[in-house]
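J.: take a look and give me a structure for this.
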Amino acid sequence: MSQGLLAGGTDYTTQSLADIKEDIIRWKNYSESIKKFLEKSILELKENNYWEEEVPFDFRTFSYNMLKMCDTLSYDFEIVIKTIEKDEITKREVTIMNNVWKISHETERELVQAYKGGGSRWHQYGEHNFSKVEKMYSETRDFLVTLFDVGNASDRLEQYAKEASIIKKEINATNSIVINGENNIQDSSVCNAKNLESKDRNSGSRILKWLLEHFWVPIIVAVVAGIIVGFIVN
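T.: Residues are numbered from 1 along each chain as shown. As a prediction, the model looks like this:
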């Protein structure tokens, strides 16, 4: 869709998701074209020995950072485009768009400062090489100002966002123990200890029973017989 005349003044309140997607695709392509333009301009200025000798450090540094920023913007816009196509917009995509809006404002201010860096003595208007730098400045600033509308698009995009899916995983804890519960406790260390203790008690009972059965009666008989023999002898 066509954007407003004022920077960041486009009204997205009545725009559809398809309209927003169309603009994001355009911003993505714009990011890639600006990078190519800057790379080409820097290469030409280097070939003329103008880039290193005449262009101040601040502007050169900004331009190199801008190349990286264009890659990042293209990457971020691609993420948002894919989620729109799948109708899977979440808070993440809204946050990405808000960040683009924030960075575009900050970078635009940095561009102005970098262009003014080194004083105005290197602004040789009308000179062939400086005209290339001047165009780099104007084209880059136009691009950044265009991105001011991303904030308005982000507000509208948020209305299409869905709640992030929460995946619930049921854990079948076979070794868990519920105190005072009615579940059968199996395969636990406590259960095993209790089983061993029970087995020990049962084993002891069986041994005691066996001893009584095999030795207790004979002992009583022997004692009784001894008492009788004693009485008879006496």
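
J.: what about this structure, any weak spots by pLDDT?
T.: 1-8, 164-234 (pLDDT under 70).

J.: let me see the ranges of the helices in it.
T.: Ranges of helices in the chain, per DSSP state H, are 17-47, 51-54, 57-86, 91-116, 128-146, 150-158, 189-211, 217-233.

J.: return the most buried member of these.
T.: helix 150-158 (a mean of 21; mean count of other Cβ atoms under 10 Å). Just so you know, the C-beta spots here come from the backbone N, C-alpha and C atoms, and that holds for glycine as well.

J.: so it versus helix 17-47, what angle?
T.: Here helix 150-158 runs at an angle of 150 degrees relative to helix 17-47 (axes from the mean of the first three to the mean of the last three Cα atoms, to 10 degrees).

J.: helices or strands up against helix 150-158?
T.: helix 17-47, helix 91-116 (3 or more Cβ pairs under 8 Å, 6 or more residues apart in numbering; DSSP states H and E).

J.: repeat the analysis, applying 10 Å as the threshold.
T.: helix 17-47, helix 57-86, helix 91-116 (3 or more Cβ pairs under 10 Å, 6 or more residues apart in numbering; DSSP states H and E).

J.: who wins for proximity to Y160 among these?
T.: Nearest to Y160, of all these, is helix 17-47, at 5.4 Å by Cβ to Cβ.

J.: picking up where we left off before, Throw the helices and strands packed on helix 150-158 into TSV and include distance to K135, thanks.
T.: Shown next, in TSV, are the helices and strands packed on helix 150-158 (distance: least, Cβ to Cβ, whole Å):
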stretch	distance to K135
helix 17-47	7
helix 57-86	12
helix 91-116	12
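
J.: sorry, back to before: any chance of the helices of the chain in JSON lines, with distance to T10 too?
T.: Formatted as JSON lines, the helices of the chain follow (distance: least, Cβ to Cβ, whole Å):
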{"stretch": "helix 17-47", "distance to T10": "8"}
{"stretch": "helix 51-54", "distance to T10": "36"}
{"stretch": "helix 57-86", "distance to T10": "16"}
{"stretch": "helix 91-116", "distance to T10": "12"}
{"stretch": "helix 128-146", "distance to T10": "10"}
{"stretch": "helix 150-158", "distance to T10": "6"}
{"stretch": "helix 189-211", "distance to T10": "66"}
{"stretch": "helix 217-233", "distance to T10": "108"}
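
J.: out of those helices, flag the one nearest D11.
T.: The nearest among the helices of the chain, by Cβ to Cβ, is helix 150-158 at 7.0 Å.

J.: for that closest one, output the C-alpha coordinates as PDB.
T.: Output in PDB follows, covering the C-alpha atoms of helix 150-158 (Å, rounded to 0.1, in the frame of the first residue of the first chain):
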ATOM      1  CA  VAL A 150       6.900  -0.100  10.900                       C
ATOM      2  CA  GLY A 151       5.800   1.100  14.300                       C
ATOM      3  CA  ASN A 152       2.300   1.800  13.100                       C
ATOM      4  CA  ALA A 153       2.200  -1.500  11.200                       C
ATOM      5  CA  SER A 154       3.300  -3.300  14.400                       C
ATOM      6  CA  ASP A 155       0.400  -1.900  16.400                       C
ATOM      7  CA  ARG A 156      -2.000  -3.300  13.800                       C
ATOM      8  CA  LEU A 157      -0.100  -6.600  13.500                       C
ATOM      9  CA  GLU A 158      -0.600  -7.100  17.200                       C
END
